[in-house]
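Undergrad: Sharing a model that was predicted from the sequence below.
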Amino acid sequence: MSLAARLLEWLLAPLLSVWLVSLGISFMSARTTVDTALDDGLSAVALMLVSEWEQRVTTRPDIVFPSDATKRLMNIASEYPVSFLIVDGSGIPTAGDDAMQPFLRETVDAEVPLRAPALTPKFRHVDGFNTVMDDEVIRVVRLRFSAGGKDYTLAVAQSRERQAALLRSGMIHEALAQTAVLIVAFYLLWYGLTYVAQPMRSLQEHLDARTADDWRPIPEELAPHEIAPLIASTNSLIERLQTSLGAQKRFIANAAHQLRTPLAALRTQSELAQRLPDGPERDEAMARLTHTGRRANRLANQLLALARAESAGTTSAREAVELNTLCEGVAHDVLPQALEREIDFAFEPSDVAVEIMGDATLLGEMIRNLVDNAFKYAPRGGSVLLAVRDAPIRVVVEDSGPGIAPQDRERVFAPFARVAQIDTTSGAPIPGTGLGLAIVREVAQGHDGHVTIETSSLGGAKMIVSFT
């Protein structure tokens, strides 16, 4: 669903509610207006009846009551004539329709003042109300007045059917007008939202037109100012992705280059071994072939481990890993290697159990790389220490080798980066792929940790992997 459609859907209920409330208010206002107009007409009739009755009881008892003029006024709406009744102070009818006596006793809450300039202080009270007579809703106006020294009460009534029909007709027209306004408002709102969303479509077209290798920043002028922060964040993400993809391309190029050398050596040595006759030279060639094969296998495994470590944040399963148990297992596995190089190897667990959430396989690979690196650079007969510490949680590996100079401590974590060192026993360069510490950093970062290098009390390097 588009943004414009969602906004219209969200606004639909409030607009319909406002429409219904507006119709209700219009109905109440129209009904009040109709009742007021009807009250005014009935009040005019009442004034004429009062005036004629006063003349009859005071000066002219022989006059016709009500007069012809008053009768014509009462019968203007021939289908709904006006009825009246006058009773004296004792409640005895004196003129009019006796069927209206209940209306003189009926109590109403609202009082409608008589809106006629001829009203005098003798007219004490006027009120208007709706009631039912013969299953028909009628409007009644009452007033009390004095004439000839006596008090009288007058009730004037007329059916509301004519006014109700006018009210219904008026409300139908009002509802149609307000519905038309509502429809026009929806159309204008839709058009406005579509117009506002036009820059978003331009941005979409711009992105659809780009090729897969087009990593240019998105121009901020293509979008409104309100989403400029989103464009800036997207450009920042593009920059990070470009950097990451560039690093991957360089890694793949370096990996291909590093694998090319042992593979070429394997091919050359295998061809040479095939041409040599059985004897010491052939045995030496086969030994070199085996050594080169192991080196290629080690490099391939390291590359796979690094690739897995780089994707650990999104693909690896997390579980509780007890570091003392994990490091103890690694220590048992590398013990033969320590004995072969006559290295004084020690493992120091923490005093309390230490658990972190992570991938046990990757963490084991990280610790093994740290220990292998320490064994590689520690001289024959040297010392290596593997320790687990708590508060804060960290894994420490120390060796008695030559150590790492401060200016090289950041560079050695880059893939295929190595510090050239000479084996003190053989005098040959210490072999390696340059991937061990890169794997260590990737695994540590994938487990919310970081790696630092210090100088060990044993004289060599001290690798510290700290976890938060």
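TA: In hand now; what should we look at?

Undergrad: Let's test this: mean pLDDT of the host helix or strand of residue 21, rounded?
TA: Counting by DSSP states H and E, the element that carries residue 21 is helix 3-58. For helix 3-58, mean pLDDT is 84.

Undergrad: Report all helices and strands that that helix contacts.
TA: Applying 3 or more C-beta pairs under 8 Å, 6 or more residues apart in numbering; DSSP states H and E, one finds that helix 3-58 makes contact with helix 68-74, strand 83-88, strand 125-133, strand 136-147, strand 150-159, helix 161-196. C-beta coordinates here come from the backbone N, C-alpha and C atoms, glycine included.

Undergrad: Compare the ones you listed and give me the one nearest residue 336.
TA: Residue 336 sits nearest to helix 161-196 of all those, at 71.8 Å, using C-beta to C-beta.

Undergrad: what's the angle between the closest one and helix 3-58?
TA: Relative orientation of helix 161-196 and helix 3-58, computed by axes from the mean of the first three to the mean of the last three C-alpha atoms, to 10 degrees: 160 degrees.

Undergrad: Need the CA coordinates for the helix or strand following helix 161-196. CSV is fine.
TA: Per DSSP H and E, helix 161-196 leads on to helix 198-208 as the next helix or strand towards the C-terminus. Below are the C-alpha coordinates for helix 198-208, written out as CSV (Å, rounded to 0.1, in the frame of the first residue of the first chain):
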residue,chain,number,x,y,z
GLN,A,198,6.2,13.0,-6.8
PRO,A,199,9.8,13.6,-5.7
MET,A,200,9.8,10.1,-4.3
ARG,A,201,8.9,8.7,-7.7
SER,A,202,11.7,10.8,-9.2
LEU,A,203,14.1,9.3,-6.7
GLN,A,204,12.8,5.8,-7.5
GLU,A,205,13.3,6.3,-11.2
HIS,A,206,16.9,7.6,-10.5
LEU,A,207,17.7,4.5,-8.5
ASP,A,208,16.1,2.1,-11.0
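
Undergrad: Let me have the helices and strands packed on helix 3-58 in CSV, adding mean pLDDT, mean neighbour count and distance to residue 464 as columns.
TA: Output for the helices and strands packed on helix 3-58, formatted as CSV (pLDDT from 0 to 100; neighbours: other C-beta atoms under 10 Å; distance: least, C-beta to C-beta, whole Å):
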stretch, mean pLDDT, mean neighbour count, distance to residue 464
helix 68-74, 87, 14, 109
strand 83-88, 90, 19, 106
strand 125-133, 72, 16, 91
strand 136-147, 86, 20, 93
strand 150-159, 89, 21, 99
helix 161-196, 83, 13, 55
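
Undergrad: can you tell which of the ones you listed is closest to residue 318?
TA: Checking the helices and strands packed on helix 3-58 against residue 318 by C-beta to C-beta gives helix 161-196 as the closest, at 43.9 Å.

Undergrad: ok, which stretches of the stretch 301-450 of the chain are helices?
TA: With helices called from DSSP state H, counting those that start in this stretch, the stretch 301-450 of the chain shows them at 312-315, 323-340, 360-377, 436-446.

Undergrad: just the ones you listed: most buried one?
TA: Comparing those by mean neighbour count (mean count of other C-beta atoms under 10 Å), helix 436-446 comes out on top with a mean of 23.

Undergrad: how about that helix as CSV, C-alpha atoms only?
TA: The C-alpha trace of helix 436-446 is given here as CSV (Å, rounded to 0.1, in the frame of the first residue of the first chain):
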residue,chain,number,x,y,z
GLY,A,436,45.7,-16.1,12.0
LEU,A,437,45.4,-12.7,13.7
ALA,A,438,42.8,-11.5,11.0
ILE,A,439,40.7,-14.5,12.0
VAL,A,440,41.2,-13.7,15.7
ARG,A,441,39.9,-10.1,15.2
GLU,A,442,36.9,-11.1,13.1
VAL,A,443,35.8,-13.7,15.6
ALA,A,444,36.3,-11.3,18.5
GLN,A,445,34.3,-8.5,16.8
GLY,A,446,31.6,-11.0,15.9
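
Undergrad: so it versus helix 360-377, what angle?
TA: 150 degrees.

Undergrad: so how far is residue 202 from residue 192?
TA: In this view, residue 192 and residue 202 are 17 Å apart by C-beta to C-beta, to the nearest Å.

Undergrad: Please list all residues in contact with the residue nearest to residue 161 when sequence neighbours are not counted.
TA: Using C-beta to C-beta, 6 or more residues apart in numbering and skipping residues adjacent in sequence, the residue nearest residue 161 is residue 80, 6.3 Å away. By C-beta atoms under 8 Å, 6 or more residues apart in numbering, residue 80 lies in contact with 158, 159, 161, 162.

Undergrad: could the residues you listed go into JSON lines alongside distance to residue 40?
TA: Formatted as JSON lines, these follow (distance: C-beta to C-beta, whole Å):
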{"residue": "158", "distance to residue 40": "12"}
{"residue": "159", "distance to residue 40": "16"}
{"residue": "161", "distance to residue 40": "18"}
{"residue": "162", "distance to residue 40": "15"}
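
Undergrad: what's the most distant pair in the residues you listed?
TA: Pairwise over the contacts of residue 80, using C-beta to C-beta, the maximum falls at 158 and 161, 9.5 Å.

Undergrad: Can I get stretch 65-78 as PDB, trimmed to CA atoms?
TA: Provided in PDB are the C-alpha atoms of stretch 65-78 (Å, rounded to 0.1, in the frame of the first residue of the first chain):
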ATOM      1  CA  PHE A  65     -64.900  34.800  18.800                       C
ATOM      2  CA  PRO A  66     -62.700  34.000  17.100                       C
ATOM      3  CA  SER A  67     -63.000  36.500  14.400                       C
ATOM      4  CA  ASP A  68     -63.000  35.600  10.700                       C
ATOM      5  CA  ALA A  69     -59.500  37.200  10.400                       C
ATOM      6  CA  THR A  70     -58.200  35.000  13.200                       C
ATOM      7  CA  LYS A  71     -59.800  31.900  11.700                       C
ATOM      8  CA  ARG A  72     -58.200  32.600   8.300                       C
ATOM      9  CA  LEU A  73     -54.800  32.900  10.100                       C
ATOM     10  CA  MET A  74     -55.500  29.700  11.900                       C
ATOM     11  CA  ASN A  75     -56.300  27.900   8.700                       C
ATOM     12  CA  ILE A  76     -53.500  29.200   6.400                       C
ATOM     13  CA  ALA A  77     -52.200  25.600   6.300                       C
ATOM     14  CA  SER A  78     -55.500  23.900   5.500                       C
END
